[in-house]
Every structure is written in C-alpha cells, then in structure tokens.
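> this one's structure only:
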C-alpha cells in the first residue's frame, strides 16, 4: 500500500523547502573532519555527517551496547554508530546503500582503532546482512518521504517510507527474541507512521532520549526509541 501523508499542503511545502536546503548542503559539502562522542571522523562529500541531534542516538548506543551483542547498524553513513558499538566490544556489521558511505565508514573505523565489518546493502538485500540474526539493530531512517534524485539523497529521504517499511518487515526474521532496535526519529517526519511500522513488526516502543528544538519558527521533538522484541 502506498504512503500518503496526512499533513497539510502548507506543512508539506515547508518540509520540502527544509529538505531542499539540506540536500543542497549535502551535495555541495566538502570533506569534513570532526570530533563526535570521542571519535575522530572524516566525512567525504556525498556522505551524511552527524547532526547536532545525532548524539541522542549515539549516546543510547553507548549505554545499550555490550560486548555480548551482535549488532547491525542499518544505514551506517560515516560509520559513527557502528564504531561506537564496536568500541564496546560488540560484533558489528554496518551496511549502507551508498558505496561511498561504506568506504568512509571503513576508514573511520580504522582511524579510531576498532574492528567492524561494513558492506553495501539495500536494507536486507546484501549477502552479508542476511547471515544470521542480531541482538541489537541501530537505525536512523530518513524523516522525509520524497523521491530521491540520487544515491546521496537517499540518506535524507525515503520515497513513501518504502525502505523503512522493508526494514521493519525484515526485523522479525533477523532480530533475536528479546532483541532491541535503537531508532532515532523526529516529529518533522511522520513519526506516527514509523512507530506503526514498528508495532506491526511486534516491537514494543519506549523513549530513551529526547530533545526539543525550534528552528525557523518550527518546533521539532527529536527522540531515540528502544524497540524491543518480546522474549517468548
């Protein structure tokens, strides 16, 4: 079933303008070097960097992850959450649809002295990600549901939330009973729809971190959710 937004036309137009600015910043950005939660990262052009609210998810990964966990970082980007999980001693696989992101994540893992595997995969389609099950999954899905114009833009928009829906469709098969998903999302996207996808996958949601920001007159609540698959 295709996705249809419940937002007003004015609100959609506002979000499209917001999205266009973000896309142009991503498309024209030069290589950046930055410090993030104790990591030293290099983010090349076309790879989405951590944002001022990304730490809500990163700190949750630090708090949640243990050396006993097998972790999947879905949409790894520059590798930040995979590296944080690997720093805790976990067995980590980070995947991304963009080969440039996978290459950047590999370099950043080496730069920070951790061992993690990375692979190109469109959600669960890659061979590496179909191998076995996971204790913890980490995902920071795009807030927008517009059609992307190129591979880089897929980091910030997911047409009709189709890729996110495929992720949750695959969770019951790949997340162990009692396993957790850490997901970051904001109210500038269709949070109700995304949480509905999680509920449909049999996951129980709780908020573990949140922050309210007002930008250009618009207030957005950013949250990290722990989505738990009940043990039998």
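Yep, that arrived. Since the structure is predicted, the reported quantities are computational estimates derived from the model, not experimental observations.

> so who does residue 167 touch?
74, 123-124, 139, 141 (C-beta atoms under 8 Å, 6 or more residues apart in numbering). The C-beta positions use only the backbone N, C-alpha and C, and glycine is treated the same way.

> repeat that with 6 Å
residue 123 (C-beta atoms under 6 Å, 6 or more residues apart in numbering).

> over to the one 5 residues further on?
Residue 172 makes contact with residue 201 under the criterion C-beta under 6 Å, 6+ apart.

> which strands and helices lie in contact with the strand or helix carrying residue 26?
If you go by DSSP states H and E, residue 26 is part of helix 9-28. Helices and strands touching helix 9-28, as assessed by 3 or more C-beta pairs under 6 Å, 6 or more residues apart in numbering; DSSP states H and E, are absent.

> not counting its own residues, what contacts that helix?
So helix 9-28 is contacted by 144, 152-153, 156 (C-beta under 6 Å, 6+ apart).

> flag the shaky bits of the chain, pLDDT-wise.
With pLDDT under 70 as the threshold, the chain has low-confidence stretches at 1.

> which parts of it are helices?
For the chain, helices defined by DSSP state H occupy the ranges 9-28, 55-64, 80-87, 99-111, 162-174, 191-200.

> buried residues, the first one. List them.
If you call a residue buried by 16 or more other C-beta atoms under 10 Å, then helix 9-28 has these buried ones: 14-15, 18-19, 22-23, 26.

> and for the shortest one?
Along helix 80-87, the positions that meet the burial threshold by neighbour count (16+ other C-beta under 10 Å) are 80-87.

> tabulate the helices of the chain (TSV), appending distance to residue 210.
Formatted as TSV, these follow (distance: least, C-beta to C-beta, whole Å):
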stretch	distance to residue 210
helix 9-28	20
helix 55-64	7
helix 80-87	18
helix 99-111	27
helix 162-174	20
helix 191-200	11
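
> ok, which of those helices comes nearest residue 119?
For the helices of the chain, proximity to residue 119 was assessed by C-beta to C-beta; helix 99-111 is nearest, at 6.6 Å.

> alright, that wraps it up for me.
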